[in-house]
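Asker: Can you look at this prediction? I've put the sequence above it.
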Amino acid sequence: MSEPRDLIDRAVRSLRQPVEMDPAARRRLVATLREAPAPRIGPVRRAWRWLARPRPVMVSPLTAVAAAAAIAIVALARPVGDGANPDQVDTPLASATNAEGAAANGSELAGAADSSGIRFSLVAPGASRVALVGDFNDWNPGEHLLRPSVTEYGVWEIWVPLEPGRHVYSFFIDGRQWIPDPVAARAVGGSVSAPSSVILVGERSS
Amino acid sequence: MSNFRTVIVRVMAAALVAILMWSGRAEAQLGRESVLRSAEARLEGRLDPAAQRAVVAIIDSSIAAGLPLELGGRLVSRALQSSVHAIETERMLAEVRELADRLVSARRVLAPATFDEVDAAAEALDVGISAGTLRSLRAARPRGTLAVPLVVLVDLVVRGVPADTAAYLILAIAEKQATDMQYEALRLQVASDIGRGTLPVVAAATRTRGVLGAAASAAAAATLGADAIGTQDGGTTRSTRPPGGPPPPP
């Protein structure tokens, strides 16, 4: 039982003896290390090392409490999400000409002061191309083309962002027929024989 | 010495006034040039160069005559509308000129007015509504905007109601302090009746009677409410109903 113990003790003593190194070998090692090129570290890696290196930070308890309070205030004050009703995104607030809601609530003329757009629609089952043309697109028949509704057969519709104010417009069907909006107020078109419609979106101030 | 100081002060005051006037004029000039440049850009390629120059000249002279800068675009829009309907140039220019005159007149009649009021009033003048009617409308509705009543008035005339009858009906509604929604409801009802074959003047008169009744009821309710508030403030109760009505609830 004592033999293995003696063996271990001898081994420990032997390992504890300082290792004598040849001075010439030491010089060669140092010289080799000096001649070896320094490892290259890229700026990103250097920046990461700088960022990741732990450092002692000294903060007074008062500062810590103040910082925590500030974070809590910011977190509590910020509404959940972006604060907007997702149902209202891209939803015209003013009128939707030809829409039942607009006809019922009378917002077609009055519009809403904070509206950002209008949904125009027209029932034209036989049409192959319907354009909305008015002062908001400089009476350009190619700018606002209505698209067939996916839910209602024969209904064409388009959503157009409009500035507040009074706007005159018409529908242009298949490149040959001008018709006014059937449910909107009529406008005077001078010598233009085709009647046009008028819509008020909010109101411009003077 | 005192005289010399007075003279210096006066000269400096005069210089200050001159600078302010000059800066105001310079700003107006800048706005005017901006409107004209914008008009040129919008008309570019849509009208022939001569017509384009003529429209811009009309806008320029109208601004000089008192057209608000913001309504210069309305003249461009009318020119483009005529252009897309292939109206001949001379006719188009005449219409732009007439519209400019009406806008300036409407502004003078209704001042102070919003741009939409002026715009709608110019159309009303176009369909034969008199300046006197515009003034009466303003007097009947001193606080609310006239844009909606004017748009409805023009709509009635365009649909076939004689201008003087339409003006009379709209004025009657305005005097009852009708709301924008009531004007709009009137327009929709009249349009619907005409679509079903009713004579425009009959449809307008009939439907106006309904709006007048509703407006009168609302006004009466408002009066009753105000009366009730007044009696409560006074700490007494009294009946505001006509005699012979049902007894008040306990």
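Answerer: Arrived safely.

Asker: switch to C-alpha atoms for all contacts and neighbour counts from now on
Answerer: Will do.

Asker: Surely residue B:87 is in a helix?
Answerer: No. Residue B:87: not assigned to a helix; according to DSSP: H, G, I helix; E, B strand; the rest coil it is coil.

Asker: Just the pLDDT at the nearest residue to it once chain neighbours are set aside, thanks.
Answerer: Nearest residue to residue B:87, sequence neighbours excluded (CA to CA, 6 or more residues apart in numbering or on different chains): residue A:192, at 7.2 Å. We have a pLDDT of 73 for residue A:192.

Asker: separation between the closest residue to chain A within chain B and residue A:14?
Answerer: Closest to chain A within chain B is residue B:114: 4.4 Å, counting by CA to the nearest CA. Distance of residue B:114 to residue A:14, given as CA to CA, to the nearest Å: 105 Å.

Asker: between the two, who's got more neighbours?
Answerer: residue B:114 (19 against 11; other CA atoms under 10 Å in any protein chain shown).

Asker: Can you read off the pLDDT for that one?
Answerer: Predicted confidence (pLDDT) for residue B:114: 91.

Asker: in the helix or strand where residue B:116 lies, what counts as buried?
Answerer: Element membership for residue B:116 (DSSP states H and E) is helix B:115-126. Within helix B:115-126, the residues scored as buried using 16 or more other CA atoms under 10 Å in any protein chain shown are B:115, B:116, B:117, B:118, B:119, B:120, B:121, B:122, B:123, B:124, B:125, B:126.

Asker: Next, the residues that contact that helix from outside, please.
Answerer: By CA atoms under 8 Å, 6 or more residues apart in numbering or on different chains, the list of residues contacting helix B:115-126 from outside reads A:165-166, A:187-188, A:203-206, B:70-71, B:99, B:102-103, B:105-107, B:110, B:131, B:134, B:145-147, B:150-151, B:153-154.

Asker: What about residue 146? Give its phi and psi, please.
Answerer: No chain was given, so I picked chain A. The phi/psi pair for residue A:146 (degrees, to the nearest 10) reads phi -80, psi 150.

Asker: I was thinking of chain B, sorry if that wasn't clear
Answerer: Main-chain torsions, residue B:146, degrees, to the nearest 10: phi -100, psi 0.

Asker: got a list of what it touches?
Answerer: B:117, B:137, B:138.

Asker: so where's chain A shaky on pLDDT?
Answerer: A:1-2, A:74-116, A:203-206 (pLDDT under 70).

Asker: List the buried residues in the lengthiest strand in it.
Answerer: Counting residues, the longest strand found in chain A (DSSP state E) is strand A:165-173. Within strand A:165-173, the residues that count as buried by 16+ other CA under 10 Å are A:165, A:166, A:167, A:168, A:169, A:170, A:171, A:172, A:173.

Asker: need the residues of chain B near chain A, please.
Answerer: Applying CA under 8 Å from any CA of the partner chain, we find that chain B lies next to chain A at B:42, B:77, B:80-82, B:84-85, B:87, B:91, B:95, B:113-116, B:119, B:123, B:126-127, B:148, B:151-152, B:154-155, B:158-159, B:180-181, B:184-185, B:187-188.

Asker: buried subset of these?
Answerer: The neighbour count (16+ other CA under 10 Å) marks B:42, B:77, B:80-82, B:84, B:87, B:95, B:113-116, B:119, B:123, B:126-127, B:148, B:151-152, B:154-155, B:158-159, B:180-181, B:184-185, B:187-188 as buried among these.

Asker: Looking at those residues, which are in helices?
Answerer: B:42, B:77, B:80-82, B:84, B:95, B:115-116, B:119, B:123, B:126, B:148, B:151-152, B:154-155, B:158, B:180-181, B:184-185, B:187-188 (DSSP state H).

Asker: Please save the CA atoms from stretch B:156-168 in CSV.
Answerer: Taking C-alpha atoms only, stretch B:156-168 is exported to CSV below (Å, rounded to 0.1, in the frame of the first residue of the first chain):
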residue,chain,number,x,y,z
LEU,B,156,-79.7,71.5,-58.3
VAL,B,157,-79.4,74.0,-61.2
VAL,B,158,-77.4,71.6,-63.3
ARG,B,159,-80.0,68.9,-62.8
GLY,B,160,-82.7,71.2,-64.1
VAL,B,161,-84.0,73.3,-61.2
PRO,B,162,-84.4,76.9,-62.3
ALA,B,163,-81.6,79.1,-60.8
ASP,B,164,-83.8,81.5,-59.0
THR,B,165,-85.9,78.7,-57.5
ALA,B,166,-82.9,76.8,-56.4
ALA,B,167,-81.4,79.9,-54.9
TYR,B,168,-84.7,80.6,-53.0
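
Asker: For that stretch, give me every contacting residue.
Answerer: A:186-188, B:127-129, B:133, B:153, B:187, B:190-191, B:200-201, B:204.

Asker: from the residues you listed, which two are the most distant?
Answerer: The span of these, defined through CA to CA, is set by B:133 and B:191 at 22.7 Å.

Asker: Now do the contacts for residue A:143.
Answerer: A:131, A:132, A:133, A:137.

Asker: And chain B, what are its domain boundaries?
Answerer: Using automatic domain parsing, the domain ranges for chain B come out as B:24-111, B:131-232.

Asker: Same list (those) but as CSV, adding mean pLDDT.
Answerer: Output for the domains of chain B, formatted as CSV (pLDDT from 0 to 100):
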stretch, mean pLDDT
domain B:24-111, 90
domain B:131-232, 88
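
Asker: right, and those - which one's nearest residue A:55?
Answerer: Nearest to residue A:55, of the domains of chain B and by CA to CA, is domain B:24-111 at 59.7 Å.

Asker: Please compute how far that closest one lies from its chain's middle.
Answerer: Mean-position distance between domain B:24-111 and its chain equals 19 Å (CA atoms, centre = their mean, to the nearest Å).

Asker: One more: stretch B:153-162?
Answerer: Relative to the centre of its chain, stretch B:153-162 is centred 16 Å away, using CA atoms, centre = their mean.

Asker: Quick one: the helices in chain B, in order.
Answerer: B:2-43, B:49-64, B:72-84, B:89-110, B:115-126, B:131-140, B:147-158, B:163-175, B:180-195, B:200-234.

Asker: before we move on, the earlier item: tell me if I'm right that the residue nearest to residue B:87 and residue B:80 touch.
Answerer: No. Using CA atoms under 8 Å as the test, residue A:192 is too far from residue B:80 to be in contact (11.3 Å).

Asker: returning to that earlier point: make a PyMOL selection of whichever of the contacts of residue A:143 turn out to be buried.
Answerer: Entered in PyMOL, the line below selects the buried ones among these, by 16+ other CA under 10 Å:
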select buried, chain A and resi 131+132+133
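
Asker: Report the contact partners of residue B:7.
Answerer: Taking CA under 8 Å, 6+ apart, one finds nothing in contact with residue B:7.

Asker: Model confidence for it, exactly?
Answerer: So residue B:7 comes in at 81 (pLDDT).

Asker: Then residue B:243?
Answerer: 35.

Asker: ok, residue B:169 to residue A:161 distance?
Answerer: 34 Å.

Asker: Alright, calling it a day.
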